[in-house]
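Enquirer: Let's see this in three dimensions:
(one chain, ligands or ions: 1)
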Amino acid sequence: MSRQLRVAVIGAGPAGIYAADILTKSEFTSGEVSGVTIDILDRDPSPFGLIRYGVAPDHPRIKEIVKALKRVLSNDDIRFFGNVNYGADLKLDHLQQFYDAIIFATGARADRDLDIPGIDLRGSFGAADFVSWYDGHPDAPREWDFQPHAESVAVLGVGNVGLDVARMLAKTADEQLVTEIPQNVYDGLKANAAKDVHVFARRGPAQVKFTPMELRELSHSPNVDVIVHPEGFELDEGSMDSIRASKSVKLVVDVLQNYLAKEPTGADHRIHIHFCHNPVEILGEDGQVTGLRTEVTELDGTGNARGTGEFVDWPVQAVYRAVGYRSDNLAGIPFDNNSATVPNDGGRVIDIDGSALPGAYVTGWIKRGPVGLIGHTKSDAAETIRLLLEDIDTLKTPPNPNREDVDTYLDGRGIEYTTWAGWEKLDQHEIDLGEAAGRTRIKVVPREDMVSISREG
Ligand SMILES: Cc1cc2nc3c(=O)[nH]c(=O)nc-3n(C[C@H](O)[C@H](O)[C@H](O)COP(=O)(O)OP(=O)(O)OC[C@H]3O[C@@H](n4cnc5c(N)ncnc54)[C@H](O)[C@@H]3O)c2cc1C
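Expert: Reported below is the predicted structural model:
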């Protein structure tokens, strides 16, 4: 008797959804198995991962990617179970009861550590926490600790997340009112006193990780001047090599040069970009951030930087660390603490002894670390699915392969899961809230509200 392959995807971010899409479109048969049904489980009550809870609210065009992902999740062969936390609500051996294969696509949501003194002072923040707050994640606190005296703030890190944070701090709350930000975020942003946002790069302009479009966009607000400081604006031989080797690096350096040459307009808010300053300490008094100490660096000819022994103290009242994201450890799955990824070979999970963990796969940021854009997760998912299909004859048949077995299990455990139909209700509810206020959407934040709206009726 033939049956369908049963696959669980843990994580309904882009990587997990692309993996499900590619798998349902793949042609395969193996023994009694033909065709596939997939369940995507996510600890958030809503799908879309960092597209909903990472991409900045003033990037609606990027958030539109969910339109394509919605078409994938409307496929009857794919089900969504939200508000189900792998590791807490179920573990690997539970999943193995129901599925031939499990794909982990759990991404990353926490800040990578930055080991400098002063990190624990009040006013020292991780970018990931700030992003979760302004994007209305249900587990983020509802209030942000903006302080009325914090007119100068520092952002450490020169990737696109650093740009998002700088932009969100420099723009006015009213500029964000056309976006989907919830009321608590709008109210919070109104209390943000930042006038000068200082972004610090350890190296030079050819070493930053910005992308050209995001960097250009920084100046699109009429309320913000972008000021690139000439000190440290160095291009050594290593930098010239990078410029010659990469069109994107060349474009970034061009944009920075344009900012450097531009006269400020006298806007109320300023984003300053400083090169060749390595943050070494967050300074404080009475437990509160009062400054940032940087060591001036110089490029060594290869594009790397070395300290000069000269230090500068910047009087800032808050510091945001945007030095990268970090994935969480997954219960029962090997984890490499250094790279904060699941060890894998092209997507097959690898045990400590180097052997493949049967039936377990990874894709997206948990597979290759927290770098790259949404589009990159697609090719990543294609590679993982190719390997899964190569392994298909070796996968262990689960004892309970029927779709309903999963519902029965979750119901039996009293887990208040949300479904795709539930998400459509919440989606419509948020659109209606927006329409009433002349906006396209207003996000619902509390988990219990998201769940009850999704499950009502
Ligand atoms: C602040 C920020 C801004 C960004 N802006 C852009 C942008 O403008 N453009 C762009 O192209 N890219 C942007 N990116 C990058 C993009 O978000 C990532 O490339 C992409 O989201 C990675 O996809 P993923 O599916 O691997 O992970 P994620 O999007 O993180 O999805 C992982 C999912 O797994 C779920 N999960 C985690 N743990 C568990 C668990 N234990 N049980 C169940 N579910 C779990 C999470 O809830 C989440 O829904 C941004 C990233 C960040 C951090």
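Enquirer: Could you pull out the helices in the stretch 351-457 of the chain for me?
Expert: Using DSSP state H, counting those that start in this stretch, the helices of the stretch 351-457 of the chain run over 365-368, 376-390, 403-412, 420-436, 447-455.
Enquirer: Oops, could you answer that again for the stretch 201-350 of the chain instead?
Expert: Using DSSP H, counting those that start in this stretch, the helices of the stretch 201-350 of the chain run over 212-217, 237-245, 247-261.
Enquirer: can you state the direction angle for the last one and helix 237-245?
Expert: Using axes from the mean of the first three to the mean of the last three CA atoms, to 10 degrees, the inter-axis angle of helix 247-261 relative to helix 237-245 is 120 degrees.
Enquirer: Is helix 247-261 positioned near the ligand?
Expert: No: residues of helix 247-261 are not located near the ligand by CB under 6 Å from any ligand atom, the shortest gap being 14.0 Å. In short, each C-beta sits where N, CA and C put it, glycine included.
Enquirer: Quick check: mean pLDDT of that helix?
Expert: In this model, helix 247-261 has a mean pLDDT of 98.
Enquirer: can you list contacts of it?
Expert: Residues outside helix 247-261 that contact it (CB atoms under 8 Å, 6 or more residues apart in numbering): 205-206, 208, 210-212, 215-216, 219, 226-228, 230, 233, 235, 239, 242-244, 273.
Enquirer: Which among those residues count as buried?
Expert: The neighbour count (16 or more other CB atoms under 10 Å) marks 205-206, 208, 210-212, 215-216, 219, 226-228, 233, 235, 239, 242-243, 273 as buried among these.
Enquirer: ok, and which of these reach the ligand?
Expert: Contacts with the ligand are made by none of the buried ones among the contacts of helix 247-261, judged by CB under 6 Å from any ligand atom.
Enquirer: circling back to that earlier point, quick one: which of the helices of the stretch 351-457 of the chain is nearest residue 349?
Expert: Nearest of the helices of the stretch 351-457 of the chain to residue 349, taken as CB to CB: helix 365-368 at 9.2 Å.
Enquirer: Got the phi and psi for residue 231?
Expert: Backbone torsions for residue 231, taken as degrees, to the nearest 10, come to phi -60, psi 130.
Enquirer: Identify the residues contacting it.
Expert: 274-276.
Enquirer: for residue 208, same thing?
Expert: Shown in contact with residue 208 (CB under 8 Å, 6+ apart): 158-159, 201, 252, 256.
Enquirer: please redo it, this time with the cut-off set to 7 Å
Expert: By CB atoms under 7 Å, 6 or more residues apart in numbering, the residues touching residue 208 are 158, 201, 252.
Enquirer: need those in JSON lines with neighbour count and distance to residue 67, can you?
Expert: Listed next are these as JSON lines, based on neighbours: other CB atoms under 10 Å; distance: CB to CB, whole Å:
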{"residue": "158", "neighbour count": "26", "distance to residue 67": "31"}
{"residue": "201", "neighbour count": "25", "distance to residue 67": "35"}
{"residue": "252", "neighbour count": "25", "distance to residue 67": "29"}
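Enquirer: Now tabulate those in a markdown table and tack on distance to residue 362.
Expert: Shown next, in a markdown table, are these (distance: CB to CB, whole Å):
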| residue | distance to residue 362 |
| --- | --- |
| 158 | 28 |
| 201 | 32 |
| 252 | 31 |
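Enquirer: okay, now residue 149: neighbour count?
Expert: Counted with other CB atoms under 10 Å, residues neighbouring residue 149 total 10.
Enquirer: What confidence value was assigned to the closest residue to it other than its chain neighbours?
Expert: Sequence neighbours aside, residue 317 is the residue nearest to residue 149 in space, at 5.7 Å (criterion: CB to CB, 6 or more residues apart in numbering). Model confidence at residue 317, given as pLDDT, is 98.
Enquirer: Next, the contact list for residue 317, please.
Expert: Going by CB under 7 Å, 6+ apart, residue 317 touches 123, 147, 149-153, 289-290.
Enquirer: Now, the residues you listed that are in strands?
Expert: Secondary structure assignment by DSSP state E places 152-153, 289-290 of the contacts of residue 317 in strands.
Enquirer: Now for those: which two are most distant?
Expert: Once CB to CB is applied, the ones in strands among the contacts of residue 317 give 153 and 290 as the farthest pair, at 12.1 Å.
Enquirer: what about the two, which has more around it?
Expert: Neighbours per residue, other CB under 10 Å: of residue 153 and residue 290, the larger number sits with residue 153, 27 against 16.
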